[in-house]
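> Fold the stuff below for me.
(2 chains)
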Amino acid sequence: MYNTYMIRYGEIGLKGKNRPAFERRLMDNINRALRKLGASRVLRVYGRILVESEAEPARVLDILSKVFGIVGVSPALRLPLDEQAICEGALATIKDAAAHVLLPAGEALTFKVEARRSNKQFPRTSPELNGLIGGYLLDNFPGLQVDVHTPRIKVRVEIREKNAFVYADDIPGVGGLPVGVSGKALLLLSGGIDSPVAGWMAMKRGIEIEAVHFYSFPFTGEKSLEKVRDLCRILTGYTARVKVHVVHFTDIQKEIQKNCPEELRVTIMRRMMFRLAARIADMREALALVTGESVGQVASQTLESMRVINQVIDIPVLRPLVGMDKLEIVGRAQSIGTYETSILPYEDCCTLFLPKHPATRPRLEQALEAEQALDIESLLAGALEKTVVEDIQQPIF
Amino acid sequence: MIERQVYLDNSATTRPYPAVTRAVVEAMEEHYGNPSSLHKKGVEAGRLLSQAREAVASSLGVSPGEIVFTGGGTEAINLAIKGALPGRRGRHVVTTAVEHPAVLNALGQLKEQGVEVTVLPVDGQGVVDPLQLQEALREETYLVSVMYVNNEVGSVQPLEEIAVVLAAFRKGGRKLLWHVDAVQAYGKLPVQPGLLGVDLLSLSAHKVHGPKGVGALYVAPHTQLHTLVAGGGQEHDRRSGTENVPGIAGFGLAAAVIAGEVREAAGKIFLLKKTLVDGILAAVPGAVLNGPPCCRENPCCAPHIANLSFPGLRGEIVLHSLEERGIYVSTGSACASRKNPGSHVLKAMGVKGDLLEGAVRFSLSPLTTADEIDYAVEQTAAVVHELYALYGVRP
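Numbering: from 1, shown residues only, chains lettered A, B, ... in the order given. Got it, this is the predicted structure:
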């Protein structure tokens, strides 16, 4: 029944001079997200963003619930400036809203009408409208009761220049900042549970993400790569497209396996990954790396390890999961929809070369010494040369 | 340079014969009628159906009326196992530890309904002992399900001896149905249910260069079978639903090839398999053949499946390394995860540890060439030597 969606976007309002740019980005992102629904319009009117769409409201709301920067959405009816139409629209709206209210037995359904008239040509004042519409609802919807202080349902009516809008529900959005306003970063995407969540959290802060995946065929197979593509596809629900740089990592792993002491292999492998990621970031004008690391989960994620691994690059590394427990990460992965894919059992390159006893507190000198055996420059160049970029687009259905 | 492709995963599925593909397309484009329709279009489609039925029946040496087309091998197996009527006293089933999951899991469902299931062990070759089968039979046994050729290691079960055991058991007037899962045997070994006294026998089209999504169940005359899919009464009321005419037409063509040349093809494939197994065992130290020894005198050795392990190496890595060189094989089991306990077939045969994780299955078809086998031997040896060096394995 709804044909219009009123978008609230709290945090953007705080950004002073940047506001128009932020709003434009948010509108672009909404537009792109809604493209697969066919004809929809995104407009900025009366100092807010309106979406007009004739598509199934549940689908529109589902898509809008994934656009970063949206704090809340109210599905609304856009009506002609006609008293009877407004009253009927208010009735339809309260019926729909009432269907979602869980009422304790014996309690009456309370409501209030909140009318605002910015179009002073309209013959009724706001208080008159409140009374008129409230009376119509009481007459036509048995069991309602007015409560102006703490109503269960607020029916809002806005009288604008050309149209009236009626709405009741305010559905919370995902919040954050519109993707793209904070620049670009490169996500190290493994296929596990953590890294897609880290990417999602970075995107939530307005960061545009490109992904890098280290592929070790034949030590891992096409299925593990397809899993990474599937994870990117899920992330496109929040950002329309994700480019993934598939780095040919096999030769580097073989060289490490052949030449470096077993307990340091993971450390050195991570150092190589960081070096490669930093170079790709540089080429792609990304300003930071994003990883799914948390402190203390596994051997490579102790602070000692992080320091030794981080030492090879000089761009910032964002670790959005650093403050989260494993259970929180799993919960977030489930809510954003990546969990089921992440737990598919195809192994990534890290697990296949895992030594039995990796060093948990490697020292920098050890790592530097172990790397003496590698021709790092030519290994990096070789891996980058065989890197393939895939552009993962939002599925069209 | 055109990259070389050697497909040795024919027990997973096969590449359809070009004639099969053409038959499927033609059936979809020209003969799209419903075989139940009374007009010309329906009659045309019905004719394709009966031609295919005759071809499949003749490849088994049975009558067309005994063939029920299904939506694949798994469905045929489910129809056999769940459709077999227990009669008044029946509540016991006998099977083997190395059956396909379609059999084992269908029996698992019967078990939930109170049916008792005896699972016979196998020896190191993956072969069941007919005497143990004889001992397992009871008054209440109403169904025996034994596969013909095992899909993972290529062991051939002693069906002729089992036929003797079951015939003796039935002599006392006891009713018992015998189901044979012949999915992997079809097209590679003679499959003649009539000669053995088999009541139910399942087949799949896509393992013999036919299309996917089609299978068949042979049902011996006078066998009482419960219907699982009720509806319009197609397939002699045993499997309702509008017939998959294109798929069945393709199956018919593949079956016609089988009827013509099984023995000849089997001999040729066996020699290729022997070249492959002997070649790899000679060139790769530590390599182990899981399953029946590969020699012509061994009746337990299927001509087209070889399961090999390389100690210290995980099957998946060998698989992907061969893939890199254009050779497609599979791991002994379909498992991809470390959590997976490994192949139930290899475990039943007593394979342990390293060898269990390292199993790789090569499976051949009548289309496999000697050239391809030479290439596979050479590349397998190269790949395994390289991986041994990388992982420091010294077999």
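> What is the least confident helix or strand in the chain?
No chain specified, so I'll use chain A. Scoring the helices and strands of chain A by mean pLDDT, DSSP states H and E places helix A:349-352 at the bottom, with a mean of 49.
> I was thinking of chain B, sorry if that wasn't clear
The weakest-scoring helix or strand in chain B, judged by mean pLDDT, DSSP H and E, is helix B:353-357 (a mean of 83).
> after it comes which helix or strand?
As assigned by DSSP states H and E, the chain's next helix or strand after helix B:353-357 is strand B:359-363.
> ok, the closest residue to chain B within the stretch 51-200 of chain A to residue A:213 distance?
Closest residue of the stretch 51-200 of chain A to chain B, CB to the nearest CB: residue A:191 (12.6 Å). (Each C-beta comes from the backbone N, C-alpha and C, glycine too.) Distance of residue A:191 to residue A:213, computed by CB to CB, to the nearest Å: 7 Å.
> joint contacts of these two?
residue A:228 (CB atoms under 8 Å, 6 or more residues apart in numbering or on different chains).
> I'm curious whether the least confident helix or strand of chain B, anywhere along its length, sits up against chain A.
No: applying CB under 8 Å from any CB of the partner chain, one finds helix B:353-357 separated from chain A by no less than 12.4 Å.
> Would you mark the buried spots in that helix?
For helix B:353-357, the buried set under the neighbour-count rule, 16 or more other CB atoms under 10 Å in any protein chain shown, comprises B:354, B:355, B:356, B:357.
> Over to stretch A:172-191?
By 16+ other CB under 10 Å, the buried positions in stretch A:172-191 come out as A:173-174, A:176-182, A:184-191.
> And for stretch B:210-225?
Here stretch B:210-225 shows B:210-220, B:223, B:225 as buried, counting by 16+ other CB under 10 Å.
> between the buried residues of helix B:353-357, which is nearest chain A?
Distances from chain A to those, taken by CB to the nearest CB, are shortest for residue B:357, at 12.4 Å.
> all helices for the stretch 1-150 of chain B, in order.
B:18-29, B:40-60, B:73-83, B:101-112, B:130-136 (DSSP state H, counting those that start in this stretch).
> of all these, which lies closest to chain A?
helix B:101-112 (17.0 Å).
> tell me the average confidence for that closest one?
For helix B:101-112, mean pLDDT rounds to 96.
> likewise stretch B:128-138?
Mean predicted lDDT for stretch B:128-138 stands at 96.
> Report the buried residues of that stretch.
Buried residues in stretch B:128-138, counted by 16+ other CB under 10 Å: B:128, B:130, B:133, B:134, B:136, B:137, B:138.
> Report the next helix or strand after the longest helix anywhere in chain B in sequence order.
Ranked by residue count and defined by DSSP state H, the top helix of chain B is helix B:245-283. Tracing the chain past helix B:245-283, the next element assigned as helix or strand by DSSP H and E is strand B:288-290.
> so what strands line up beside that next one?
Here strand B:288-290 is paired, per DSSP bridges, with strand B:305-309 (antiparallel).
> just the angle between the strand it pairs with and strand B:359-363, please?
On the basis of axes from the mean of the first three to the mean of the last three CA atoms, to 10 degrees, strand B:305-309 is oriented at 160 degrees to strand B:359-363.
> hmm, who's touching strand B:305-309?
By CB under 8 Å, 6+ apart, strand B:305-309 touches B:11, B:149-154, B:184, B:273, B:276-277, B:280-281, B:287-291, B:294, B:315, B:332, B:346, B:351, B:354-356, B:358-364.
> Strands of the stretch 51-200 of chain B, start to end?
Taking DSSP state E, counting those that start in this stretch to define them, one finds strands in the stretch 51-200 of chain B at B:67-70, B:92-96, B:116-120, B:141-147, B:177-181, B:200-204.
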